[in-house]
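Chemist: Okay, predicted coordinates and the sequence, questions at the end:
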Amino acid sequence: KAEMTDADGMRLGELEGIVGEEDGYEAESNAAILLQGLDIPDEVHERKMAELQGGQKVRVLLAQAIFGSPTALLLDEPTNHLDLDSIHWLEEFLNRYDGTLIVISHDRHFLNAVCTHTADIDYQTIIAYAGGYDEMLVAKTQIRSRLESQNEQREKKIAQLNDFIARFSAGTRSSQVQSRRKEVERLQTTELARSNIQRPYIKFAMNRPSGRTALEFEGLSKAFGSHQIFSKFTGVISRGEKIVLVGRNGAGKTTMLKALLSDAPNFAASPSDLDEGKLRWGHEVSIGYFPQDHTGLIQKGMTAVDWLHQFDPDASRQDIHGLLGQMLFSGEEGLKPTEALSGGETARLLFCRIMLQKPNVLILDEPTNHLDLEAINALNVALQKFEGTVLLVTHDQDLMEEVGTRVWHFDHGKIEDFKGAYEEYEASVA
């Protein structure tokens, strides 16, 4: 306005007060802090959403949800596209957040870190427990065991009463028989609902072990244009080592796995995945690979059984169906067309292939992305028991801590090779 009245001035004062109370003057800097915490760099903040990559879009939408201190947050799988640093940042944010949070997640460590209560959907009902996921699991197991024990005791008592009734029903003790019949009616056990949670069974066996040295490499380098991903990386991987590759999204973890596979036995040579360096895979090495991107990996126009069978034509159909059953493709589900598979089913079918091939080196790039908690726990146990060599990219902290025996940390073109478990690495940099 060219001129302002006293009323305009008073209204402007009111509006400035509201903007101040709602933290409007700090809104832009608060938004920038949120985005930085979720690994959206400053240079991207002024870009349009259409210009961002898929994972970045999800993180901006997460920032949008938590911006402005809402009184309640509903988060559905918020950690899916986050690296470990971003997950830690989100955990800290949610622990400071004083509103109500309802979250769905398959990340056990995250649930234990942020949740004060856990609602378990199972046995055709929902039961809320105090505490995080692990505390819920203990309490749920105890309650189920107690119910099963009570049922067992009732069944024993009913059997004793029925035995008495059968022996004396024709005699002179009819009043005692009648009272025992009433007791049997009172004691009738209720049939316990069956769990609707399915648990896959993963076991990685080997046809034969590799030589003592699984892989030697020297001077590995890779760049995209002027952007150096890693340079002059040298090392030796011994049989049985389990290496976790950690670092921010885009730091080069997947690029490294592809570089190692660029000249691997029984893999198509891919010289463009490595700029320079030498690779020497060990004696009798056989590799099972789980890529982060499953696109086009499973041929369409086949059933799950037929697709799997081509990787071991000597395996019986019964063995193939048994393997699929372990990964929750029960009965007719093995005949499902491959083009109709969901993300989770595709991941489970890829694990079937690895179990069928029985390799002695596993290279797994974000294997938990489409798995539920039970499948992640099964994978965790299977990797701990596996006697071969593992290279693992994951943002699941429990998997890192419980499986890894060595850490490669990627940071701005440098790789730190730490000979020790992930928890030891964390302690060394704290």
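Modeler: That came through, no problem. Numbers count the residues shown, from 1 in each chain.

Chemist: roughly how far apart are Pro291 and Gly282?
Modeler: To Gly282, Pro291 is 22 Å away according to Cβ to Cβ, to the nearest Å. Just so you know, the C-beta spots here come from the backbone N, C-alpha and C atoms, and that holds for glycine as well.

Chemist: swap in Gln357?
Modeler: 18 Å.

Chemist: Also Leu12?
Modeler: 75 Å.

Chemist: Of the two, give the one with the bigger neighbour count.
Modeler: Gly282 (20 against 11; other Cβ atoms under 10 Å).

Chemist: Tell me the pLDDT of Glu152.
Modeler: Here, the pLDDT recorded for Glu152 equals 80.

Chemist: what does the worst-scoring helix or strand of the chain on mean pLDDT contact?
Modeler: Taking mean pLDDT, DSSP states H and E as the measure, the chain has helix 174-187 as its least confident helix or strand, at a mean of 78. Helix 174-187 is contacted from outside by 154, 157-158, 161-162, 164-165, 168-169, using Cβ atoms under 8 Å, 6 or more residues apart in numbering.

Chemist: Now Pro265. Its backbone dihedrals?
Modeler: The phi/psi pair for Pro265 (degrees, to the nearest 10) reads phi -60, psi 140.

Chemist: OK, contacts around it?
Modeler: With Cβ under 8 Å, 6+ apart, Pro265 has these contacts: 281, 285-287.

Chemist: So which of those belong to helices?
Modeler: With DSSP state H as the criterion, helices contain none of those.

Chemist: Any chance of these in CSV with neighbour count as columns?
Modeler: Shown next, in CSV, are the contacts of Pro265 (neighbours: other Cβ atoms under 10 Å):
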residue, neighbour count
Trp281, 23
Val285, 21
Ser286, 18
Ile287, 24
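
Chemist: Now for those: which two are most distant?
Modeler: Trp281 and Ser286 (9.7 Å; Cβ to Cβ).

Chemist: got the residue ranges for the helices in the stretch 201-350 of the chain?
Modeler: Ranges of helices in the stretch 201-350 of the chain, per DSSP state H, counting those that start in this stretch, are 253-261, 304-309, 317-326, 343-357.

Chemist: Any chance of these in CSV with mean pLDDT and mean neighbour count as columns?
Modeler: Compiled in CSV, those are given as follows (pLDDT from 0 to 100; neighbours: other Cβ atoms under 10 Å):
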stretch, mean pLDDT, mean neighbour count
helix 253-261, 96, 22
helix 304-309, 94, 20
helix 317-326, 93, 16
helix 343-357, 94, 19
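
Chemist: Quick one: closest of the ones you listed to Glu216.
Modeler: helix 253-261 (11.2 Å).

Chemist: which one is Ala113 nearest to, not counting chain neighbours?
Modeler: Among residues not flanking Ala113 along the chain, Glu91 sits closest, at 4.6 Å (Cβ to Cβ, 6 or more residues apart in numbering).

Chemist: Let me see the contact set for the one you found.
Modeler: Here Glu91 is in contact with 110, 113-114 (criterion: Cβ under 8 Å, 6+ apart).

Chemist: Name the helix or strand for it, please.
Modeler: helix 84-96 (DSSP states H and E).

Chemist: What mean pLDDT does that helix get?
Modeler: On average, helix 84-96 scores 91.

Chemist: same thing with stretch 375-385?
Modeler: Mean predicted confidence for stretch 375-385 is 96.

Chemist: Buried ones in that stretch, by neighbour count?
Modeler: Buried residues in stretch 375-385, defined by neighbour count with 16 or more other Cβ atoms under 10 Å: 375-380, 382-383.

Chemist: In CSV, list the contacts of Pro265 along with distance to Leu137 and pLDDT.
Modeler: Converted to CSV, these look like this (distance: Cβ to Cβ, whole Å; pLDDT from 0 to 100):
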residue, distance to Leu137, pLDDT
Trp281, 41, 97
Val285, 38, 97
Ser286, 36, 97
Ile287, 34, 98
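
Chemist: Mind checking which of these are in strands?
Modeler: 281, 287 (DSSP state E).

Chemist: which one of the contacts of Pro265 is nearest Thr125?
Modeler: Nearest member of the contacts of Pro265 to Thr125, counting by Cβ to Cβ, is Ile287, at 44.8 Å.

Chemist: Setting aside sequence neighbours, what's the nearest residue to the closest one?
Modeler: Ile287's closest residue in space is Val361 (Cβ to Cβ, 6+ apart), at 4.8 Å.

Chemist: give the contact list for that neighbour.
Modeler: 210, 214-215, 285-288, 388-391.

Chemist: do the same with Lys258
Modeler: So Lys258 contacts 270, 273 (Cβ under 8 Å, 6+ apart).

Chemist: next one: Lys203
Modeler: So Lys203 contacts 326, 355, 382, 385 (Cβ under 8 Å, 6+ apart).

Chemist: likewise Glu339?
Modeler: Neighbours of Glu339 in contact, by Cβ under 8 Å, 6+ apart: 300-301.

Chemist: again, 10 Å this time
Modeler: 298-302 (Cβ atoms under 10 Å, 6 or more residues apart in numbering).

Chemist: Ala340 now?
Modeler: 300, 303-304.

Chemist: coming back round to it: and which of the contacts of Pro265 is nearest Gly240?
Modeler: Relative to Gly240, and with distances defined as Cβ to Cβ, the nearest of those is Val285, at 12.8 Å.
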